[in-house]
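In: Structure here, sequence nowhere to be found:
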């Protein structure tokens with residue numbers, strides 16, 4: 001199974017800003033294009049970009065899509081840099097890259113859980 005990335009915002013290949021667009025276009029939709037999925041979390045509008053904070057509440061779900069990460073460490077490094085995820089200093093990162101379970105919609109009444117990466121906002125949110 002390839003590494004997957006759950007995308008809910010600006011990293012999407014169709015809407016990535018110029019600073020990351022060439023890298024985002026290297027991501028391919030998972031499962032032949034039927035890549036819609038959800039994770040447990042809350043989505044916040046942080047102004048220039050959205051941010052997800054993970055949640056244990058069953059009602060808190062965030063919709064997104066699963067993409068296959070190329071087998072190239074440089075791609076993941078560029079995504080980490082763009083999201084300001086510092087592997088050597090996570091406490092001072094703007095976002096963290098975390099492993100989560102996404103629920104992939106595999107039919108009208110069926111779903112499958114699948115492990116993936118997601119960038120989560122790394123600061124307290126109070127609105």
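Out: That came in fine, so what should we check first? Here the structure is a predicted model, which is why all the values come from computation and not from measurement.

In: Just the terminal-to-terminal distance for stretch 49-65.
Out: 17 Å (Cα to Cα, to the nearest Å).

In: Compute the number of surrounding residues for the closest residue to residue 63 other than its chain neighbours.
Out: Leaving aside its sequence neighbours, residue 63 sits nearest to residue 38 (Cβ to Cβ, 6 or more residues apart in numbering; 5.4 Å). All C-beta spots, glycine's among them, are computed from the backbone N, C-alpha and C. By other Cβ atoms under 10 Å, 17 other residues sit near residue 38.

In: isn't residue 38 right next to residue 103, touching?
Out: Yes: with contact defined as Cβ atoms under 8 Å, residue 38 reaches residue 103; the gap is 5.0 Å.

In: sorry, back to before: that's a strand at the residue nearest to residue 63, yeah?
Out: Yes: assessed with DSSP: H, G, I helix; E, B strand; the rest coil, residue 38 lies in a strand.

In: wait, what's in contact with it?
Out: Residues in contact with residue 38 (Cβ atoms under 8 Å, 6 or more residues apart in numbering) are 61, 62, 63, 64, 102, 103, 105.

In: one more time with 10 Å, if that's ok
Out: Residue 38 sits next to 6, 8, 60, 61, 62, 63, 64, 102, 103, 104, 105, 111 when contact means Cβ atoms under 10 Å, 6 or more residues apart in numbering.

In: Right, I'll call it a day here.
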